[in-house]
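Trainee: Give me a model of this one.
(one chain, ligands or ions: 1)
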Amino acid sequence: MTVSDDLFERARTLMPGGVNSPVRAFGSVGGSPRFMVGSDGPYLTDADGKDYVDLVCSWGPMLLGHKHPAVQEAVHSAVDRGLSFGTSTPDESALAELVMQRFGGVDRLRMVSTGTEATMTAVRLARGYTGRDLIVKFAGCYHGHLDSLLASAGSGVATMALPGSAGVTEATAAETLVVPYNDRAAIEAVFAEHGDSIAAVITESAPANMGVVTPGEGFNKFLLDTAHAHGALLIVDEVLTGFRASDAGYWGLSGRVEGWTPDLFTFGKVIGGGLPTAGLGGRAEVMDHLAPTGPVYQAGTLSGNPIAMAAGVATLTHATPEVYAQIDALSLELQQAVSGALNAEGVDHSIQTAGNLFSVSFGTSERGVHDYADAQAQEAFRYAPFFHSMLDSGVYLAPSVFEAWFLSAAHDDVAMQRVYDALPAAARAAAA
Ligand code: PLP
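Mentor: So this is what the prediction gives:
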């Protein structure tokens, strides 16, 4: 029995499944989760004193690595000023300006505490603005655990092979229209039938919760044009991709280049540098429908929390072009190393990318992965042995094949060498 095993036994008697977020439970890969007690740069340390190269990065936020000196310093100094004032603070505006410098079309930003709150508010705002009820989402996209967007959701819902969630009323589910990703004809059909009642289409800027799926060329622009042709809004969820796929998320690689901008963006993860902050932003005309300027209510006791704002400002300030160039290059190198190791063992696979985000899927080389059906049809059973072999070698991957691989600016040569050295055995395990 390891210390982590003991801690998990105890946690299981105290929390559902022993965890505070479902995929942390290792349900799809088996075994008991490691309990982490510390971190530094690219490493996590577990309760048994073993360290791991971290390729999860807290599911995205730790773009600069763990304990980045400037972020730690900003947080410590914010703590010294007090934990929460329940008032406006200067750093809220500083963070809003940093977001607006990067993302086009964000005239106003509202800070919330989680990505779920951001998308929940965006959906309510779209309904309040348009006076319509229906929302279109894509199968396999995950936007947090709000009732209306849990249907055919990715991330943990996909990992546990659930169609949705118990506890969501039929009436709520009926107000969400789910279509296959990358399928223009399905979008056209849904608008042809329900066009006058659709408030918004919500999409991940590039899906990364059914594994990564690359949007077809021009797909996001097509969504915007189709939504607008019918008086609906487009909500682009950058909670995972934002400030990670580029300084301006995946939009920075597509919309900024192609010249399109959605009505609303949602942000999370990197924006808070590891503390609970998220946000939604968009053009003033829509955003000003939020209270107190407009009739759509939204509020939060800890929204814009000063410690979280300080972490966000420090993180975005240090997320320089050099950081993105470094992570982009590392990501390419890692993708090649993973592919090389899997090819050497004859493991059929494909790698999907969205900028520096990527994921590996098994048995998919012929068709690739273009939507949730493709992601589900893969040889997912190969992932558990691959994952456990990497874990034994001191590399921490997400305990689900449906998650992206995350790198940080702190992943240096020593850390990456450990990953590369671990790959051949993991590939052999996946081949078995
Ligand atoms: N949207 C996307 C694209 C996400 O990946 C996530 C979480 O993984 C969320 C929303 C929900 O964010 P949170 O877990 O902070 O509620």
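Trainee: packing partners for the longest helix belonging to the chain?
Mentor: The residue-count maximum for a helix in the chain (DSSP state H) belongs to helix 321-344. Helices and strands touching helix 321-344, by 3 or more CB pairs under 8 Å, 6 or more residues apart in numbering; DSSP states H and E, are strand 349-354, strand 357-362, helix 413-431. The C-beta positions use only the backbone N, C-alpha and C, and glycine is treated the same way.
Trainee: chain center to it: distance?
Mentor: The chain centre lies 19 Å from the centre of helix 321-344; the measure is CA atoms, centre = their mean, to the nearest Å.
Trainee: tell me the angle of that helix relative to strand 357-362?
Mentor: Counting by axes from the mean of the first three to the mean of the last three CA atoms, to 10 degrees, helix 321-344 points 10 degrees away from the direction of strand 357-362.
Trainee: okay, the angle between helix 321-344 and helix 413-431?
Mentor: Counting by the same axes, to 10 degrees, helix 321-344 lies at 30 degrees to helix 413-431.
Trainee: Give me the nearest residue to the residue in the stretch 51-200 of the chain that the ligand sits nearest to, chain neighbours excluded.
Mentor: For the stretch 51-200 of the chain, the residue closest to the ligand is Gly115, as judged by CB to the nearest ligand atom, at 2.2 Å. Using CB to CB, 6 or more residues apart in numbering and skipping the chain neighbours, the partner closest in space to Gly115 is Gly268 (3.3 Å).
Trainee: contacting residues for the nearest residue to Ile271 once chain neighbours are set aside?
Mentor: Distances taken as CB to CB, 6+ apart place Gly312 nearest to Ile271, at 5.3 Å, with adjacent residues excluded. By CB atoms under 8 Å, 6 or more residues apart in numbering, Gly312 lies in contact with 91, 95, 98, 271-273, 275, 277.
Trainee: do the same with Arg34
Mentor: The neighbours of Arg34, taking CB under 8 Å, 6+ apart as the test, are 4, 44, 46-47, 50, 52, 391, 396.
Trainee: which one of those is nearest Met62?
Mentor: Distance to Met62 across the contacts of Arg34 (CB to CB) is lowest for Leu44, with 9.9 Å.
Trainee: Around the ligand, which positions in the stretch 51-200 of the chain sit nearby?
Mentor: 59, 114-116, 119, 142-144, 155 (CB under 6 Å from any ligand atom).
Trainee: Buried subset of these as a ChimeraX selection?
Mentor: Entered in ChimeraX, the line below selects the buried ones among these, by 16 or more other CB atoms under 10 Å:
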select :59,114,115,116,119,142,143,144,155
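Trainee: and the two most separated of the residues of the stretch 51-200 of the chain next to the ligand?
Mentor: Trp59 and Thr119 (15.6 Å).
Trainee: before we move on, the earlier item: so which of the contacts of Gly312 comes closest to Ala189?
Mentor: Distances from Ala189 to the contacts of Gly312, taken by CB to CB, are shortest for Ile271, at 35.2 Å.
Trainee: ok, the closest one - contacts?
Mentor: Ile271 makes contacts with 95, 99, 242-243, 277-279, 312, 315-316, as judged by CB under 8 Å, 6+ apart.
Trainee: and which of those is nearest to the ligand?
Mentor: Nearest to the ligand among the contacts of Ile271 is Ala278, at 5.7 Å by CB to the nearest ligand atom.
Trainee: Can I get stretch 174-181 in CSV, CA atoms only?
Mentor: The C-alpha coordinates for stretch 174-181 follow below in CSV (Å, rounded to 0.1, in the frame of the first residue of the first chain):
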residue,chain,number,x,y,z
ALA,A,174,-35.3,19.7,-25.2
GLU,A,175,-34.0,23.2,-25.4
THR,A,176,-30.5,22.0,-26.5
LEU,A,177,-30.1,20.8,-30.1
VAL,A,178,-27.1,18.5,-30.4
VAL,A,179,-25.4,18.2,-33.8
PRO,A,180,-22.2,16.3,-35.0
TYR,A,181,-19.0,18.4,-35.0
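Trainee: Pull out the buried positions in it.
Mentor: Buried residues in stretch 174-181, counted by 16+ other CB under 10 Å: 175-181.
Trainee: Adding pLDDT, write those out as CSV.
Mentor: Conversion of these to CSV gives the following (pLDDT from 0 to 100):
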residue, pLDDT
Glu175, 94
Thr176, 95
Leu177, 95
Val178, 95
Val179, 96
Pro180, 96
Tyr181, 98
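Trainee: quick one: which of the residues you listed sit in strands?
Mentor: 176-179 (DSSP state E).
Trainee: Packing partners of the helix or strand of the chain with the lowest mean pLDDT?
Mentor: In the chain, no helix or strand scores lower on mean pLDDT, DSSP states H and E than helix 156-159, which sits at a mean of 72. Packing partners of helix 156-159 (3+ CB pairs under 8 Å, 6+ apart): helix 372-376.
Trainee: now the helix it packs on: how far from the chain's centre is it?
Mentor: Worked out by CA atoms, centre = their mean, helix 372-376 lies 18 Å from the chain centre.
Trainee: Mind listing what's buried along whichever helix or strand comes after it?
Mentor: For helix 372-376, the succeeding helix or strand toward the C-terminus, using DSSP states H and E, is helix 383-392. By 16+ other CB under 10 Å, the buried positions in helix 383-392 come out as 383-391.
Trainee: Any residues of the stretch 201-350 of the chain in contact with the ligand? List them.
Mentor: Residues of the stretch 201-350 of the chain found near the ligand (CB under 6 Å from any ligand atom) are 204, 209, 237, 239-240, 268, 278.
Trainee: Thanks a lot, catch you later.
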